[in-house]
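A.B. asks: Fold the following for me, if possible:
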Amino acid sequence: MIRCWTINGRFLTQPLTGVQRYAHGIVAALDRLIADRHPLAQGLELELVTPKNAEDYALGHIAVRRVGELRGHLWEQFTLPGQVRGGLLSLCNTGPLAVARQILCIHDTNISAFPQSYSLRYRLLHRLFLPLLARRVARVVTVSSFSAAELARSGIRPEAEISVIPCGHEHALTWTPKHSEATRRAAGSSTIVVLGSPAPHKNIGMLLDLAPRLAAVGFRLALVGALDSRVFQSAPGAAADNANVTVLGRLTDNELAALLTNSLCLAFPSYAEGFGLPPLEAMALGCPVVVSDRASLPEICGAAALYAAPDQPEAWLDAFKQLRAEPALRFKLVATGRENAKKYRWSTSAEAYLAEMAIADGLVTRREDLAP
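C.D. replies: Below is the predicted model of the structure:
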């Protein structure tokens, strides 16, 4: 018996953030599992359907097909449903309301927790549409136990009906550290890398406000990332006003790897995260992390990070000082970070999606019924 599933390829038209990185990681790992003839991939045909304006995406065992003249939400709602064979896998928060046989990954509840981070159009769309979609689809997935609890608390779906399938780390191991002139100048043993958009929930403004005090004790900040104005609202901040702050914008993966491996640490002060992929990537590369003690971050980072409250700047300054002053602590965080990252694998998460498809197809009733 041939089982057919379509993958929603709208993510290939969107800027690469943690959500889109998740889709890339899952799809690539599914392709490898098919090549390896995984038992749950036997008799399974996967096809990635994308808008015509999608980026090129080569896969060895999953067919890729471009269809339709529409774009964005219109393509997803009106073009994609007619192209679905069997079930649909939607990995980036949204999917077509017309397809009930769908596995939908909702990454977080940040819109509810921090509405000021998002544009009015984006908020209205998701607040009205997402609960309807989540109740209609066959299966709902998210990326952390914290996020599952928050989705249940928001009335999206009961927690018992939400599967947790986290991010992986292996993609970071394929990056080859290579500096640009800008990253080479920014890197150093007293450089703190800050990765993320200036949306309010990312809390980068707290570190910018701390910049003069960081400068007084010899620290520098290197800001990496860009803002998608169609989705996020920008937080106030004047990074250019601080001489010890370098704004690098978007970097290639190889440039980011070089910056992380040649800097003191990654700082990740978010108030709200469904998972928090950048700290995991930094750990995989051997870069220590200082993270917020909120949301999913303690769950994901465990004992492999230093923690500080996002509303306590003094705690962040103390953590940076401690990390620079204690080489043994830095060595320990590098080692425990690498081990922690190994717990999160795209291959394992892709296997979980194979199991979710098997459940939706009626082959098993729950993932626990599958042989290890």
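A.B. asks: Is it correct that residue 315 is in contact with residue 309?
C.D. replies: Yes: using Cβ atoms under 8 Å as the test, residue 315 is close enough to residue 309 to be in contact (5.7 Å). (C-beta placed from N, C-alpha, C; glycine too.)
A.B. asks: can you give me the helices in the stretch 101-250 of the chain?
C.D. replies: 110-113, 120-136, 145-153, 170-173, 181-186, 204-216 (DSSP state H, counting those that start in this stretch).
A.B. asks: tell me the most buried of these?
C.D. replies: Each of these was assessed for mean neighbour count using mean count of other Cβ atoms under 10 Å. The highest is helix 145-153, with a mean of 20.
A.B. asks: What mean pLDDT does that helix get?
C.D. replies: Average pLDDT, helix 145-153: 97.
A.B. asks: Over to stretch 116-123?
C.D. replies: The average of the pLDDT scores along stretch 116-123 is 84.
A.B. asks: Check the offset of it from the chain's centre.
C.D. replies: Its chain's C-alpha centre lies 19 Å from the corresponding centre of stretch 116-123 when counted by Cα atoms, centre = their mean, to the nearest Å.
A.B. asks: ends of it, how far apart?
C.D. replies: Criterion Cα to Cα, to the nearest Å; first-to-last residue distance in stretch 116-123 is 9 Å.
A.B. asks: next one: stretch 62-74
C.D. replies: This stretch, stretch 62-74, spans 24 Å end to end (Cα to Cα).
A.B. asks: where exactly do the strands run in the stretch 51-200 of the chain?
C.D. replies: Along the stretch 51-200 of the chain, the stretches classed as strands by DSSP state E, counting those that start in this stretch are 63-66, 87-90, 102-105, 139-142, 162-164, 188-195.
A.B. asks: wait, which of those is closest to residue 337?
C.D. replies: The minimum distance between residue 337 and the strands of the stretch 51-200 of the chain falls on strand 188-195, with 14.0 Å, by Cβ to Cβ.
A.B. asks: what packs against that closest one?
C.D. replies: Packing partners of strand 188-195 (3 or more Cβ pairs under 8 Å, 6 or more residues apart in numbering; DSSP states H and E): helix 204-216, strand 220-224, helix 253-261, strand 263-268, helix 313-325.
A.B. asks: would a markdown table of those with mean pLDDT and distance to residue 186 be doable?
C.D. replies: Written out in a markdown table, the entries for the helices and strands packed on strand 188-195 read as follows (pLDDT from 0 to 100; distance: least, Cβ to Cβ, whole Å):
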| stretch | mean pLDDT | distance to residue 186 |
| --- | --- | --- |
| helix 204-216 | 95 | 14 |
| strand 220-224 | 96 | 4 |
| helix 253-261 | 98 | 7 |
| strand 263-268 | 98 | 8 |
| helix 313-325 | 98 | 16 |
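A.B. asks: Figure out which of those is closest to residue 56.
C.D. replies: Ranking the helices and strands packed on strand 188-195 by distance to residue 56, with Cβ to Cβ as the measure, places helix 253-261 first at 17.0 Å.
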